[in-house]
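Peer 1: Build me a structure from this.
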Amino acid sequence: MDGTSWADQWDNSGDSAKGGRTGGGAVVRSGGGGTKSNSNTAKYKEKMGQGFDKTKAVASSGFKKLKTGSAIGFRWVKDKYHKTTHK
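Peer 2: As a prediction, the model looks like this:
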């Protein structure tokens, strides 16, 4: 860690003495790497994109399972309520 506290990292005031800050609290640092830095950034973005695709697929299938399970559960409760009120 470079000595910045959690509060310094998320400070939105913009008048912090440590590093340049943008409106969202993001720390702006210059890597000074030139083309090597750009190629590493492109590789990182590609890997992150693949990870997000996998995450999206897993979340989608999980949501479908949740939706199906909750629909079955509500139907079961509705049937049980209907049976007890119409005896």
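
Peer 1: Please count neighbours and contacts with C-alpha atoms only from this point.
Peer 2: Noted.

Peer 1: Do you have the helices of the chain handy? List them.
Peer 2: Ranges of helices in the chain, per DSSP state H, are 6-9, 35-85.

Peer 1: Take those helices and lay them out in a markdown table including mean neighbour count and mean pLDDT.
Peer 2: Shown next, in a markdown table, are the helices of the chain (neighbours: other CA atoms under 10 Å; pLDDT from 0 to 100):
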| stretch | mean neighbour count | mean pLDDT |
| --- | --- | --- |
| helix 6-9 | 12 | 69 |
| helix 35-85 | 11 | 87 |
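
Peer 1: Relative to residue 67, how far out is residue 55?
Peer 2: Between residue 55 and residue 67 the computed distance is 18 Å (CA to CA, to the nearest Å).

Peer 1: now swap in residue 59 and tell me
Peer 2: Computed with CA to CA, the distance linking residue 59 and residue 67 is 12 Å.

Peer 1: Likewise for residue 53?
Peer 2: As judged by CA to CA, residue 53 and residue 67 stand 21 Å apart.

Peer 1: Ok, residue 9 next?
Peer 2: The value you get for residue 9 to residue 67, if CA to CA is used, is 38 Å.

Peer 1: repeat for residue 45
Peer 2: With CA to CA as the criterion, residue 45 and residue 67 are 32 Å apart.

Peer 1: and what of residue 78?
Peer 2: Applying CA to CA to residue 78 and residue 67 gives a distance of 16 Å.

Peer 1: got it, and residue 86?
Peer 2: From residue 86 to residue 67 the distance is 28 Å (CA to CA).

Peer 1: same question, residue 4
Peer 2: 43 Å.

Peer 1: and what of residue 48?
Peer 2: 28 Å.
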